[in-house]
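got a predicted structure plus its sequence, pasted below:
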Amino acid sequence: MGRLATEVASLLTGKDKTIFSKHLDTGDFVVVVNAAKIKVTGNKPAQKIYYRHSGYAAGFRTPTLQDMLSTRPEFVIQHAVQGMLPRNRLGMP
């Protein structure tokens, strides 16, 4: 999963192009197919937790990676890639 996210983040920022510049958006659009078939090693499917809160009382949810891959596999890839992008206008979705 991490190697895929690294490649996608590199393509999105345009680091593979000769016209790359840090302050310009020179990246391409990327479409990931078969996101549900990613592989993770060790105990990560059971131990990696995604935290979210709905804003209501008792609205705190902690699904594991295994749960997220079965329900929303595209979110897992998107979350990993978004963590590798810069925290400015160029990294916004």
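Ah, there it is.

low-confidence ranges in the protein?
93 (pLDDT under 70).

in this structure, which spans are helices?
With DSSP state H, the ranges of helices along the chain come out as 2-13, 44-47, 65-71, 73-82.

ok, now which ones touch the residue nearest to residue 23 when sequence neighbours are not counted?
Leaving aside its sequence neighbours, residue 23 sits nearest to residue 90 (Cβ to Cβ, 6 or more residues apart in numbering; 7.8 Å). For the C-beta atoms, the positions are set from N, CA and C on the backbone; glycine is no exception. The contact partners of residue 90, taken as Cβ atoms under 8 Å, 6 or more residues apart in numbering, are 13, 23, 25.

relative to residue 50, how far out is residue 90?
Separation of residue 90 from residue 50 (Cβ to Cβ, to the nearest Å): 25 Å.

what's the answer for residue 76, then?
For residue 76, the distance to residue 50 - Cβ to Cβ - is 8 Å.

so which of these two has more stuff around it?
Ranked by neighbour count (other Cβ atoms under 10 Å), residue 76 and residue 50 place residue 76 first, with 21 against 15.

tell me the contacts of that one?
1, 35, 38, 65, 68-69.

now for those, which pair is the farthest apart?
35 and 65 (12.6 Å; Cβ to Cβ).
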